[in-house]
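> 3D, please:
(3 chains)
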Amino acid sequence: MSAGPILWRLAALVLLVVFITKPELFAPLFEPLTINNAPAIYNQGSLLSLTLAHLGTVFSAALASAIIAVTLGIFVTRPSGLEFLPLSRSLVNIGQTFPPIAVLAIAVPLVGFGEKPTLIALFLYGLLPIFENTLSGLTQVSPLTLEAAKGMGMSLRRRLMEVELPLALPVILAGIRLSVVISLGTATIGSTVAAKGLGEVIIAGLQSNNMAFILQGGLVVALLAVLTSDALMAVERFAARKLGQSPS
Amino acid sequence: MNAISPHTSAPRTASAGAAVSLDRLGSVVAVLIGVALFVAPFVTYRANRIVAGEARMVLDALPMTLAIGVMAAALGVALVSVTIRQPIIRLVAAALGLAVIFVAVGRAPAFLTPPGNTFARISPAFGFWLLTLAFALLVADSITRLRLGPFARLGAFAVAAAALALLLVSGAWDGLSLLKEYATRADSFWREARQHVFLALGSLAAAALVGLPLGMVCYRVPRVKAAILQILNIIQTIPSIALFGLLMVPLSILSAKVPLAASLGIHGIGAAPAFVALFLYSLLPVVANTVVGLEQVPASVIDAARGMGLSTRQRLWQVELPLAFPIILTGIRIVLVQNLGLATVAALIGGGGFGTFVFQGIGQTAIDLVLLGAIPTVALSFMAAVILDAAIDLAKGPVRD
Amino acid sequence: MRPSISQRVRSVIEIQSLTKRFGDTVVVDDISLTVDEGTISVFVGTSGAGKSTLLRMINRLIEPTSGRVLIDGQDTMAIPEDDLRHRIGYVIQGYGLFPHRTVSENIATVPRLLGWDKKRIAARVEELLDLFQLDSGEFARKYPHELSGGQQQRVGVARALAAKPALLLMDEPFGALDPVIRHKAQDDLLAIQRRLGTTIMLVTHDMDEAFHLGDKIAVMDQARLLQYATPAELLTRPAEEFVEKLVGTAERPFRLLALGKVREAVEPGAATGKPVSASATLREALSQLLWMGREKLPVVDADGTPLGRISIGGILAHGRQPA
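Here you go, the predicted structure:
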């Protein structure tokens, strides 16, 4: 990686941090977008706490999804779970035709408003990319490598822990990144069901017809998503390098 | 050649286990069916559209003979799923099971609603959905194991769709809550449906028009490729509602400053920012898959084409694009399924579509209204996925991996 | 005290009525043979003859349908699978090196499984890198994808030998190498085997390789063992027509000459010209005579002492079908 992109990322990160901690500094930039002397900067809560709540929701859901999805992925690729492999592939395929918003919306009547439906939707929808990537990561390990591992007398557990999972790790991490990126977006919409998060700013802007709110909400969410995805991608590259794979 | 395969021992486990052990997936399905029949309610009865419902088990929800019929059918499917492994028999059993519960649930409203009461709402409850899930799992597993070709899959899908359409048109479900919700909004339902499809397909068409040539340029000029793909990747990462928001500002300025734009229907709020955002999201899969598709054309084939004296243009149209087509089509599939889902968010900014019902439903805590928006969206995405998957298989030709 | 590399660890392998069926197809049909300790037995045959399956039943990657395998008199079924495999080296075509581990980590795999201490593992890895002419400074920390095919092959064999197995199973170990490197790799394997005395069972479909490496050759066809004999016997007394065809009738005399040494055909007397080494094969001597257009050439032993001469007539007598 050359210095240029790093500088860009650093600048974006600094901008984001300054914006969510001291948004008043940017008020003059947003004033032209307001009408009738409406506030130029979101004033119904601190951007910092909204950002933290947003990230908290997304990462706790992603953590749960990752644990369950990786476990399931391991199960259906073991001899005892092989029977479920074809079905689970189709289920992932079908599951991805459900828009995340539909999952969110259906969860509301079941568990009520607030964080819960958002967490459930993020968790359920987040399972899919991680499960799919765990499957493809584990099944693409070269049969030669597995044959050699078995031939040297590695137990099933060791083969999984020392060969299959490490070799599948970059692909699994890519699944986690996809899941987190989707969750960041879905959590934004979660604000329509009263979950605490950055969507509030945009929704407030839409409700009061305040373009300044919409723009700053959009900017913060967009920057957050791009930087998060970028950071997770760096983790993937690091893992791939650690595992002796040439970064692709 | 000495093929080394870790799977050589697989047939042993399968054949040795067949006689005694139960089918694991079948057992899971059977447990689901048992829970659905004996623990979970079949339908929910609500005095009106908003209030909390009361649960009704199968035996209380249907006329006695029908209830017994449903139980017998469901237990029959459970038995088949545990004992029989042939996918075709399982498929038929599960399909029959689905037919029975789908018809039966339509009879519940007439049985449960006191005569003359027009406010009461009957909707399928957890047990019904669980049965549907169990049967659908069996159907999906059987179809996967049958390895149907593209035409057979389309055929199966057409039969299922026709059966559902028949149920809807015949009025068998008219008593159900969801259909009552539809009846009061039939006009707006079809208007939003058109809008939804317009947003998803229109933005896809625009993205294909721009993305295909852009992909070809990227294929020829690696430096352009790196830059374009990076930008499109970043756009794809931005959550939909944020991108809508970001686009609203310039579009509203445009419509305020340029009267022509306003008269063309371009406004800061409404369909325009949604359309543009969906278009932008669609570009990445189209461009990336065009590039990958063109790049995976074997160098030997291109060499042979050159050797036979095909011009660059002829090569592109006669060799490279046809060989890249299945991968480009895969990009289109990704875009279409993604757009049909994302278009629901457009309703938040006044862009219409099925999301209108979803967000209204959330606002009124009316689950029927949410479902009125969500179910057609899922159905559309599912249909798009099935049709395009078949098309991709056909485009790949008879060679199967 | 650390056991030295030249310590002789050998095993005798007895295969008794070994049979494998997959459903109705018999893949290995009632095969019995004994591999003597410290020798190389090569299994040849067309593809699908069952040789890989036979090999994979030795380390129980495939469970036999019936029959048994004894290693030094001990039934392999009595040893837990993984323990058995720790004691048997295994090399496959393509090697199956772990792509996420360095060369030295790859070589250390079985010693680590056996719980050797770090120092001992490190010393063993050094020793093997040295034995396989891989400079430890350069290669120890490299990943498999950074190696050439020949280097990968050497790492594959070194990994299989790491825990000093008494038996080494090799399934087409040279199959992925190009011809020039392949010959060198075969020579290296021979040298290492002679030095360590490891018992080797090797599967190949390359007849030249079989004659080059095998102390004994087992010819298999359609799940059956047709003949198990020394290379010379295979040439002079083929048990079946198939063996004769597989050996190659046109190649036969030359293969026979390649098995004999100049030492065995030395005649008394002198000759002029570039001397031939007594340890060269008769085939090499014949080539040299033909190439130089001579009837006779002098023979010397390793330190240059003249031993006599070798003649075309004398060589030809060795390449003739025995009466």
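> What confidence value was assigned to residue C:200?
Residue C:200 is assigned a predicted lDDT (pLDDT) of 95.
> SS state for it?
strand (DSSP: H, G, I helix; E, B strand; the rest coil).
> Quick check: what element follows the helix or strand hosting residue A:178 along the chain?
Using DSSP states H and E, the element containing residue A:178 is helix A:165-189. Once helix A:165-189 ends, the next helix or strand along the chain (criterion: DSSP H and E) is helix A:199-207.
> Does that next one reach chain B?
Yes - contact of helix A:199-207 with chain B (C-beta under 8 Å from any C-beta of the partner chain) involves A:199, A:202, A:203, A:205, A:206. (Glycine included, C-beta is placed from N, CA and C.)
> Flag the shaky bits of the stretch 201-323 of chain C, pLDDT-wise.
C:322-323 (pLDDT under 70).
> residue in it nearest to chain B?
Closest residue of the stretch 201-323 of chain C to chain B, C-beta to the nearest C-beta: residue C:203 (6.6 Å).
> now do the stretch 51-200 of chain C
For the stretch 51-200 of chain C, C-beta to the nearest C-beta, closest residue to chain B: residue C:52, 4.4 Å.
> I'd guess residue C:69 is in a helix, am I close?
No - read with three-state DSSP, residue C:69 is strand and lies in no helix.
> Correct me if wrong: it contacts residue C:18.
Yes - counting by C-beta atoms under 8 Å, residue C:18 is a contact partner of residue C:69 at 6.6 Å.
> Just want to know which of these two has more residues nearby.
residue C:18 (23 against 20; other C-beta atoms under 10 Å in any protein chain shown).
> Can you show me the helices along the stretch 251-400 of chain B?
B:259-263, B:271-295, B:299-307, B:312-315, B:321-342, B:355-364, B:367-396 (DSSP state H, counting those that start in this stretch).
> The stretch 1-150 of chain C too?
Using DSSP H, counting those that start in this stretch, helices in the stretch 1-150 of chain C cover C:51-58, C:81-87, C:103-107, C:109-113, C:118-131, C:136-139, C:149-161.
> quick one: contacts of the first one?
Contacts to helix C:51-58, defined as C-beta atoms under 8 Å, 6 or more residues apart in numbering or on different chains, come from residues B:2, B:4, B:8, C:13, C:15, C:18, C:20, C:27-28, C:31, C:43-45, C:62-64, C:69, C:76, C:88, C:167, C:169, C:171, C:201, C:203, C:218, C:220.
> Helices along the stretch 151-300 of chain C, start to end?
C:179-196, C:207-213, C:231-236, C:241-247, C:252-259, C:282-292.
> Of all those, which one is nearest chain A?
helix C:179-196 (17.9 Å).
> Nearest residue to residue B:102 in space, ignoring adjacent ones along the chain?
The shortest distance from residue B:102 to any non-neighbouring residue, by C-beta to C-beta, 6 or more residues apart in numbering or on different chains, is to residue B:167 (6.2 Å).
> Next, the angle helix B:367-396 makes with the host helix or strand of the one you found.
Element membership for residue B:167, per DSSP H and E: helix B:150-170. Helix B:150-170 runs at 150 degrees relative to helix B:367-396, counting by axes from the mean of the first three to the mean of the last three C-alpha atoms, to 10 degrees.
> Go through helix B:150-170 and flag the buried ones.
B:150, B:153, B:154, B:156, B:157, B:167 (16 or more other C-beta atoms under 10 Å in any protein chain shown).
> next one: stretch C:12-24
C:12, C:13, C:15, C:18, C:19, C:20.
> Likewise for stretch B:386-401?
B:386, B:387, B:388, B:389, B:390, B:391, B:392, B:393, B:395, B:396.
> again with stretch A:77-93
For stretch A:77-93, burial by neighbour count (16+ other C-beta under 10 Å) applies to A:77, A:81, A:83-93.
> what's the burial count for residue C:298?
18.
> burial measure for residue B:312, as a count.
Residue B:312: 11 neighbours (other C-beta under 10 Å).
> scratch that, residue B:295 is what I was asking about
13.
> got the contact list for the closest residue in space to it that isn't next to it in sequence?
Nearest residue to residue B:295 in three dimensions, chain neighbours excluded: residue B:219, at 6.6 Å (C-beta to C-beta, 6+ apart). Residue B:219 makes contact with B:225, B:290, B:291, B:294, B:295 under the criterion C-beta under 8 Å, 6+ apart.
> Out of those, which comes closest to chain C?
Nearest member of the contacts of residue B:219 to chain C, counting by C-beta to the nearest C-beta, is residue B:295, at 21.4 Å.
> Compute the distance between that closest one and residue B:220, please.
11 Å (C-beta to C-beta, to the nearest Å).
> and if you look at residue C:316?
67 Å.
> do the same with residue C:54
54 Å.
> who has more neighbours, the two?
Using other C-beta under 10 Å, the more surrounded residue of residue C:54 and residue B:220 is residue C:54, with 27 against 13.
> Against chain A, how distant is that one?
Distance, residue C:54 to chain A, by C-beta to the nearest C-beta, to the nearest Å: 15 Å.
> out of the contacts of residue B:219, which are buried?
For the contacts of residue B:219, buried by 16+ other C-beta under 10 Å: B:225, B:290, B:291, B:294.
> Just the buried subset of the residues of helix A:199-207 next to chain B, please.
Using 16+ other C-beta under 10 Å, the buried ones in these are A:199, A:202, A:203, A:205, A:206.
> which of the residues you listed lies closest to chain B?
Once C-beta to the nearest C-beta is applied, the member of those that ends up nearest chain B is residue A:202, at 5.0 Å.
> isn't the closest one right up against residue A:191?
Yes - the pair residue A:202 and residue A:191 qualifies as a contact (C-beta under 8 Å) at a distance of 7.5 Å.
> Once you drop chain neighbours, what's closest to residue C:174?
Here the residue nearest residue C:174, using C-beta to C-beta, 6+ apart, is residue C:182, at 4.7 Å.
> would you list the buried residues of stretch B:386-401 in JSON lines and tack on pLDDT and distance to chain A?
Output for the buried residues of stretch B:386-401, formatted as JSON lines (pLDDT from 0 to 100; distance: C-beta to the nearest C-beta, whole Å):
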{"residue": "B:386", "pLDDT": "91", "distance to chain A": "9"}
{"residue": "B:387", "pLDDT": "93", "distance to chain A": "12"}
{"residue": "B:388", "pLDDT": "93", "distance to chain A": "11"}
{"residue": "B:389", "pLDDT": "90", "distance to chain A": "8"}
{"residue": "B:390", "pLDDT": "92", "distance to chain A": "13"}
{"residue": "B:391", "pLDDT": "92", "distance to chain A": "15"}
{"residue": "B:392", "pLDDT": "91", "distance to chain A": "13"}
{"residue": "B:393", "pLDDT": "89", "distance to chain A": "14"}
{"residue": "B:395", "pLDDT": "88", "distance to chain A": "18"}
{"residue": "B:396", "pLDDT": "84", "distance to chain A": "17"}
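> ok, so what distance separates residue A:127 from residue A:103?
11 Å.
> Out of these two, name the residue with the larger neighbour count.
residue A:127 (23 against 20).
> need the contact list for the more buried one.
A:65, A:68, A:69, A:72, A:95, A:179.
> likewise residue B:70?
Contacts of residue B:70 by C-beta under 8 Å, 6+ apart are B:42, B:58, B:62, B:100, B:101, B:104.
> from those, which ones fall inside helices?
Judged by DSSP state H, helices contain the following of the contacts of residue B:70: B:58, B:100, B:101, B:104.
> top of those residues by neighbour count?
residue B:58 (25 neighbours).
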